[in-house]
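Novice: Only the shape, not the letters, is given here:
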């Protein structure tokens with residue numbers, strides 16, 4: 001086949017503008033100088049408090065706490081759920097560094113669970129480790145928006161007395177079989193980082209129906225004794241149980257990111273979810289049938305929001321994968337690879353997290369992640385962009401395979 005060498009000029013990190021309401025609210029805040037969410041004399045409801053109430057209502061939960069990052073949200077969720085230093089915490093091995101970082105932050109010991117070919121947590125391995133590890137908590141990462149069979153996972157947790165905390169950094173607006181991610185366990189943690197489903201630059205939202213988790217999370221976040229300024233919070237009597245024994249970690253969100261995020265919920269989020277999946281299907285269609293490239297099969301119960309795409313390269317030596325990545329990058333398509341020997345950018349895997357202190361055997365992960373590739377899907381992509389990206393991947397892979405197949 002004829003192979004082009006023309007580079008594309010497509011920025012896979014490009015973001016849509018902040019909605020005009022968010023820009024106006026941010027400017028108003030900057031003119032007022034009221035960027036801190038708490039005020040001693042101002043009786044108005046802060047932007048951070050309004051964001052918490054809006055997100056709780058949208059998700060259908062009672063409480064929400066705004067923090068400075070999703071990583072902070074996970075740490076605070078674990079801490080509020082009673083995880084102690086030295087405790088074993090189950091977590092899927094296919095995730096990004098803030099997830100094991102949250103476990104390390106709370107002083108716990110990670111017990112990693114293997115991964116399946118569709119990039120979700122291996123539920124057979126979870127069943128085994130839930131029974132044998134002594135862990136009483138699972139920090140489940142819906143990594144890159146891939147959602148496992150949540151009914152089966154919930155049954156495993158119930159059977160073994162495991163409490164569930166969900167990392168929903170990639171699943172705002174997503175669900176399993178009609179139930180939103182973030183509502184299956186004691187707490188769900190969402191991201192407002194750029195590249196996620198609502199863009200505030202940085203920020204995290206901890207959602208829960210558990211009044212004790214909520215009260216502790218507000219106090220841990222750094223409310224001082226201004227917790228009454230939160231609207232999506234439990235009653236005073238719950239704070240009385242915790243306010244003298246809960247340290248202030250100063251991890252709260254300010255008003256500026258909250259003002260930027262608030263107009264990105266509701267109809268804006270729903271529209272983005274639909275448009276992301278459209279782009280996913282455009283690119284997945286362009287990659288269908290490419291030799292040595294496999295896309296995950298996604299069950300109908302998985303109501304995903306595909307703000308990125310993952311595919312596996314099969315039957316390729318590492319040198320051929322590196323040649324493919326270099327060739328695609330030369331053409332302007334930057335693909336991340338989870339099989340690299342060293343961490344790069346945002347991408348790392350469990351072998352790189354040496355602070356664990358002990359090696360963990362994950363045979364499926366070694367095979368699956370060795371060929372796993374990852375790309376962002378910004379909403380700025382057109383259908384023509386997706387078809388062009390698919391052509392570059394197809395052609396770069398053919399060029400990289402030529403020496404291997406000739407040998």
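Specialist: Received it, and whenever you're ready, just let me know what you need. This one's a predicted model, so the numbers in the text were calculated from it and none came from an experiment.
Novice: The residue nearest the centre of the chain - nearest residue in space that isn't next to it in sequence?
Specialist: The residue lying closest to the centre of the chain (CA atoms, centre = their mean) is residue 169, at 2.4 Å. What sits nearest to residue 169 in space, not counting adjacent residues and going by CB to CB, 6 or more residues apart in numbering, is residue 191, at 3.9 Å. C-beta coordinates here come from the backbone N, C-alpha and C atoms, glycine included.
Novice: The protein: helices as residue ranges?
Specialist: All helices of the chain, identified by DSSP state H, fall at 20-32, 47-59, 70-80, 98-105, 123-132, 150-160, 211-221, 236-242, 255-261, 267-287, 318-330, 363-370, 383-406.
Novice: which parts of the fourth one are buried?
Specialist: Going by neighbour count (16 or more other CB atoms under 10 Å), the buried part of helix 98-105 is 98, 99, 100, 102, 103, 104, 105.
Novice: quick one, what contacts the second one?
Specialist: It stands for residue 99. Shown in contact with residue 99 (CB atoms under 8 Å, 6 or more residues apart in numbering): 74, 91, 139, 141, 167.
Novice: again, only using 6 Å
Specialist: For residue 99, the contacting residues are 91, 141, 167, by CB atoms under 6 Å, 6 or more residues apart in numbering.
Novice: excluding its backbone neighbours, what's nearest it?
Specialist: Once flanking residues are discounted, residue 99 sits nearest to residue 141: 5.0 Å by CB to CB, 6+ apart.
Novice: Return the distance of that neighbour relative to residue 93.
Specialist: In this view, residue 141 and residue 93 are 9 Å apart by CB to CB, to the nearest Å.
Novice: Isn't residue 208 up against residue 63?
Specialist: Yes. Counting by CB atoms under 6 Å, residue 208 does reach residue 63; the two are 5.2 Å apart.
Novice: Need the overlap of contacts for these two.
Specialist: Common neighbours of residue 208 and residue 63 (CB under 6 Å, 6+ apart) are residue 214.
Novice: Have a look at these two and say which one is more surrounded.
Specialist: Counted by other CB atoms under 10 Å, residue 208 and residue 63 do not tie: residue 208 has more neighbours, with 29 against 25.
Novice: Run a quick neighbour tally on the closest residue to that one other than its chain neighbours.
Specialist: Distance criterion CB to CB, 6+ apart; nearest residue to residue 208, sequence neighbours excluded, is residue 187 at 4.3 Å. Residues lying near residue 187 (other CB under 10 Å) number 29.
Novice: Enumerate every residue touching residue 187.
Specialist: 77, 165, 206, 208, 213.
Novice: can you pick the most crowded of these?
Specialist: Of those, with other CB under 10 Å as the count, residue 77 tops at 33 neighbours.
Novice: For beta bridges, what are the partners of the closest residue to that one other than its chain neighbours?
Specialist: In this structure, residue 77 finds its nearest non-sequential neighbour in residue 187, 4.1 Å apart by CB to CB, 6+ apart. For residue 187, the beta-bridge partners are residue 165 (DSSP bridges).
Novice: Could you check how far residue 187 is from residue 334?
Specialist: 34 Å.
Novice: Next: residue 86.
Specialist: Distance from residue 86 to residue 334, by CB to CB: 41 Å.
Novice: Mind checking which of the two has more residues around it?
Specialist: Each of residue 86 and residue 334 has its neighbours counted (other CB under 10 Å); residue 334 has more, 15 against 8.
Novice: pLDDT value on residue 363, please?
Specialist: Residue 363 carries a pLDDT value of 89.
Novice: How many residues are close by the nearest residue to it once chain neighbours are set aside?
Specialist: Using CB to CB, 6+ apart and skipping the chain neighbours, the partner closest in space to residue 363 is residue 114 (7.1 Å). By other CB under 10 Å, 23 other residues sit near residue 114.
Novice: isn't residue 114 right next to residue 122, touching?
Specialist: Yes. Using CB under 6 Å, residue 114 makes contact with residue 122 at a distance of 4.0 Å.
Novice: Can you give me the domain assignment for this structure?
Specialist: According to automatic domain parsing, the chain comprises the domains 20-267, 271-406.
Novice: and of those, who's closest to residue 6?
Specialist: domain 271-406 (7.3 Å; CB to CB).
Novice: Relative to the whole chain's centre, how far out is the closest one?
Specialist: 17 Å (CA atoms, centre = their mean, to the nearest Å).
Novice: go on, stretch 251-260?
Specialist: Distance, centroid of stretch 251-260 to centroid of chain: 19 Å (CA atoms, centre = their mean).
Novice: Then stretch 123-142?
Specialist: Counting by CA atoms, centre = their mean, stretch 123-142 comes out at 19 Å from the chain centroid.
Novice: contact partners of that stretch?
Specialist: By CB under 6 Å, 6+ apart, the list of residues contacting stretch 123-142 reads 83, 88-92, 95, 99, 111, 113-114, 152, 156, 160, 162-168, 170-171, 181.
Novice: re earlier: give the contact list for the residue nearest to residue 363.
Specialist: 122, 125, 362, 364, 365.
Novice: ok, so of those residues, who is nearest residue 396?
Specialist: residue 365 (25.6 Å).
Novice: Enumerate every residue touching the closest one.
Specialist: 93, 114, 115.
Novice: What residues of stretch 373-393 count as buried?
Specialist: So, applying 16+ other CB under 10 Å, buried residues of stretch 373-393: 373-378, 381, 385-386, 388-393.
Novice: Show me what the lowest-mean-pLDDT helix or strand in the chain is packed against.
Specialist: Lowest mean confidence among the helices and strands of the chain (mean pLDDT, DSSP states H and E): helix 383-406, at a mean of 89. Secondary-structure packing of helix 383-406 (3 or more CB pairs under 6 Å, 6 or more residues apart in numbering; DSSP states H and E): helix 267-287, helix 318-330.
Novice: Just want the angle from that helix to helix 267-287.
Specialist: Calculated by axes from the mean of the first three to the mean of the last three CA atoms, to 10 degrees, helix 383-406 forms an angle of 40 degrees with helix 267-287.
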